[in-house]
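Q: Got a predicted model here, sequence first, then my questions.
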Amino acid sequence: MVEIKDTVVSFDLFEERFCCDLDSCKGICCVEGDCGAPLEIEEIGKIEEVLPEIWDMLPEKSRKVIDEQGVAYIDPEGEMVTSIVDSKDCVFAFHDKEDGCCKCAIEKAYREGKIDFMKPVSCHLYPVRVKKYEKFTAVNYHRWDVCQCAVRKGCALKLPVYKFLKEPLIRRFGEDWYKELELAADAYEKQFSQFK
């Protein structure tokens, strides 16, 4: 672990390799799991604000869930997460008929310039998970078997997790934090390379 400002970062971000492979996984992370994506409190308001722009992209089942319980709920661990359909699918997921991939309606609207909110930062950061504690924030790599193709692709490209996630890490923690992370990664690599 390395300390950067008020965070404690797992060395896994330097050691592990990762690069999403949407052609292989088809976006399964949006439709697998037992809870929704973790949300920051302010993100709920942003999602509610952009809902009219993405409503027509959402499947009927998703609209029904949102009508009944809203865009978010509190999961068994007490965290606010996106609402889900049939105990697994994110309500903002839809299947793209062109490529068969499951995609995020929020991100699609953002990429098309219709809204200014990309998607929940926890989704953008995956496979990194952030957990706030009283005195620090933990930044950890999350292993999930549905992402094996991303691990293989990352290994083939020799792409460390922290480099793959540069944009979302800067979005969440800022440019200065990321520069410190890069310095820590370089120092770690130099130290580790002595034992290779």
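A: It's in. Numbers count the residues shown, from 1 in each chain.

Q: where does this structure have its least confident helix or strand?
A: helix 22-25 (a mean of 78; mean pLDDT, DSSP states H and E).

Q: what does it rub up against?
A: With C-beta atoms under 8 Å, 6 or more residues apart in numbering as the test, helix 22-25 has contacts from D99, C101, V146, C147, C149, A150, K153. In this view, the C-beta of every residue, glycine as well, is placed from N, C-alpha and C.

Q: which SS state does the residue nearest to the spatial centre of the chain fall under?
A: Nearest to the mean C-alpha position of the chain, counting by C-alpha atoms, centre = their mean, stands C123 at 2.3 Å. Three-state assignment for C123 (DSSP: H, G, I helix; E, B strand; the rest coil): helix.

Q: need the contact list for it.
A: Shown in contact with C123 (C-beta under 8 Å, 6+ apart): A37, C104.

Q: who's in contact with R172?
A: Applying C-beta under 8 Å, 6+ apart to R172 gives the contacts V121, H124, L125, V130.

Q: how close does V128 sit to K166?
A: 11 Å (C-beta to C-beta, to the nearest Å).

Q: and if you look at P127?
A: Counting by C-beta to C-beta, the separation of P127 from K166 is 14 Å.

Q: More neighbours: which of the two?
A: P127 (22 against 12; other C-beta atoms under 10 Å).

Q: Mind jotting down where the strands sit in this protein?
A: 2-4, 7-9, 72-74, 80-82, 84-85, 89-90, 93-95, 102-104, 128-132, 137-141 (DSSP state E).

Q: With respect to burial, which of these scores highest?
A: strand 89-90 (a mean of 24; mean count of other C-beta atoms under 10 Å).

Q: Next, count neighbours for I28.
A: Burial of I28 is recorded as 16 neighbouring residues (other C-beta under 10 Å).

Q: before we move on, what about M118?
A: 18.

Q: So what's the residue count around the nearest residue to it once chain neighbours are set aside?
A: Spatial nearest neighbour of M118, excluding adjacent residues (C-beta to C-beta, 6 or more residues apart in numbering): Y110 at 4.7 Å. Neighbour count of Y110, defined by other C-beta under 10 Å: 18.

Q: Name the nearest residue to I84, ignoring sequence neighbours.
A: Take I84 and drop its neighbours on the chain: the residue closest to it by C-beta to C-beta, 6+ apart is G36, 4.8 Å away.

Q: how far away is the residue nearest to the centre of the chain from Q148?
A: Distance from C123 to Q148, by C-beta to C-beta: 19 Å.

Q: What of G78?
A: As judged by C-beta to C-beta, G78 and Q148 stand 30 Å apart.

Q: Now the longest helix along the chain: buried residues?
A: Counting residues, the longest helix found in the chain (DSSP state H) is helix 175-193. Across helix 175-193, burial judged by 16 or more other C-beta atoms under 10 Å covers W177, Y178, E180, L181, A184, A185.

Q: what distance separates it from the centre of its chain?
A: 22 Å (C-alpha atoms, centre = their mean, to the nearest Å).

Q: ok, now stretch 122-132?
A: Relative to the centre of its chain, stretch 122-132 is centred 5 Å away, using C-alpha atoms, centre = their mean.
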